[in-house]
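**Student:** Here is the input, now give the coordinates:
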Amino acid sequence: MPGDVLLLSNSRPPGGAEPFAHAREVLASHLGDRTVWFLPYAQADHDAYVAWVARALAPLDLRPLHREPDPASTAAHADAVFVGGGNTFRLLHDVRRLGILDALRGNDACRYTGSSAGTNLACPTVKTTNDMPIVDPGGLDALGRVPVQVNPHYLDPDPASTHQGETREERIREFHELNTVPVVGLREGAWLHRTGDALTLGGNTARLFRRGQEPTELAPGTDVSWLISS
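**Tutor:** Okay, the predicted model is just below:
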């Protein structure tokens, strides 16, 4: 049985709360007392990022993967990893270059946690990220730990806004002009938690997009296991 997966929309809750304050309970349940290897590659300052997350998640046994002599080998045998947020393209570029992407692909039993860019990495591709491609990652295929796409930090259209660019919904509709994979738009504070063959939405509401269909609102606690069994 593949390892369980927890995909958070965000690490910083609105209103100035402590990092991950909104998800402490589900993180504790998901990670337990495992040693967790943290992947800081989505941000430039790896050491500062690890220190920030370690303080937020204490007393979790969080270890910096980038400090390992052979990070790919460590990832290949890890019981649990946590992939942090930042720029998705930098993250994918570095984990591919370092061999970590292939290592994690071969370690199905590893319990995976992602936030923002780390959530994008767990999808079949990174095509539904919000980030600019600041580096060529050498391809858009990602880990495929879940068979659906996620759009973290999903924002609803603001009828009072003067912004003339595409809304998030319009961008996802553009994705579905060329792709058939369902997309879950995770609003801030929301997460998807896969345990075995079950997939559940937690924390906040989300919006489900399927090609050729109108979007569907999902309430916290909704069982969307059919997305991984269809």
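**Student:** all helices for the protein, in order.
**Tutor:** 24-31, 46-57, 71-76, 88-97, 100-105, 117-121, 168-178, 226-229 (DSSP state H).
**Student:** Now mean pLDDT and distance to residue 5 too, for those, in TSV please.
**Tutor:** C-beta: built from backbone N, CA, C; applies to glycine. Conversion of those to TSV gives the following (pLDDT from 0 to 100; distance: least, C-beta to C-beta, whole Å):
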stretch	mean pLDDT	distance to residue 5
helix 24-31	96	9
helix 46-57	96	18
helix 71-76	98	15
helix 88-97	98	16
helix 100-105	98	12
helix 117-121	98	9
helix 168-178	97	21
helix 226-229	90	10
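**Student:** what's the most buried one of these?
**Tutor:** Ranked by mean neighbour count, the helices of the chain are led by helix 117-121 with a mean of 29 (mean count of other C-beta atoms under 10 Å).
**Student:** quick one: contacts for the spatially most central residue of the chain?
**Tutor:** Nearest to the geometric centre of the chain sits residue 119, at 0.8 Å (C-alpha atoms, centre = their mean). By C-beta atoms under 8 Å, 6 or more residues apart in numbering, the contact list for residue 119 reads 7-9, 85, 150, 152, 186.
**Student:** List the ones among these that fall in strands.
**Tutor:** Among the contacts of residue 119, the members found in strands (DSSP state E) are 7-8, 150, 186.
**Student:** quick one: low-confidence ranges for this protein?
**Tutor:** Scanning the chain for pLDDT under 70 picks out the ranges 1, 16, 164, 230.
**Student:** One more pass at 80, please.
**Tutor:** Residue ranges of the chain with pLDDT under 80: 1-2, 13-17, 157-165, 230.
**Student:** Residue 162 and residue 98, how far apart?
**Tutor:** Note on residue 162: its distance to residue 98, by C-beta to C-beta, to the nearest Å, is 43 Å.
**Student:** Could you check which of the two is surrounded by more residues?
**Tutor:** When residue 162 and residue 98 are compared on other C-beta atoms under 10 Å, the one with more neighbours turns out to be residue 98, at 18 against 5.
**Student:** Good, wrapping up.
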